[in-house]
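Chemist: test case, fold it:
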Amino acid sequence: MLDFSFTQLQTNLVVRWEYIPGSELFLVWARGSSGLQNVNDSLTESISRQVFDAPAQDTFLIKATYRFVR
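Modeler: Presented below is the predicted three-dimensional model:
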């Protein structure tokens with residue numbers, strides 16, 4: 001039997017702006033961290049280490065759509 005403790009935190013922030021009907025601009029920020037923790041640690045210890053001590057990966061995305069209308 002294999003014991004393990006895995007903790008993961010993912011957050012997203014999405015901003016959508018419709019600058020003309022049918023045309024939109026999206027700004028997205030995503031942050032995530034994950035990792036293995038000591039199986040002997042309590043849940044609160046594992047979460048606090050993962051949230052505050054582990055390095056996180058940030059991703060920024062921009063998407064624009066434009067509707068050509070006659």
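Chemist: flag the helix or strand of this structure with the lowest per-element mean pLDDT.
Modeler: helix 43-48 (a mean of 74; mean pLDDT, DSSP states H and E).
Chemist: what does that helix rub up against?
Modeler: In this structure, residues lying in contact with helix 43-48 by CB atoms under 8 Å, 6 or more residues apart in numbering are Ser5, Thr7, Leu9, Gln37, Asn38. All C-beta spots, glycine's among them, are computed from the backbone N, C-alpha and C.
Chemist: contacts only, for Tyr19.
Modeler: Applying CB under 8 Å, 6+ apart, we find Tyr19 in contact with Leu25.
Chemist: which SSE is it in?
Modeler: Taking DSSP states H and E as the criterion, Tyr19 maps to strand 5-20.
Chemist: chain center to that strand, what's the gap?
Modeler: 5 Å (CA atoms, centre = their mean, to the nearest Å).
Chemist: CA atoms of the least confident helix or strand of the chain as PDB?
Modeler: Provided in PDB are the C-alpha atoms of helix 43-48 (Å, rounded to 0.1, in the frame of the first residue of the first chain):
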ATOM      1  CA  LEU A  43      -4.500  18.900   6.700                       C
ATOM      2  CA  THR A  44      -4.100  22.500   7.900                       C
ATOM      3  CA  GLU A  45      -0.300  22.200   7.900                       C
ATOM      4  CA  SER A  46      -0.300  20.700   4.400                       C
ATOM      5  CA  ILE A  47      -2.600  23.400   3.000                       C
ATOM      6  CA  SER A  48      -0.700  26.300   4.700                       C
END
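Chemist: I appreciate the help and will end here.
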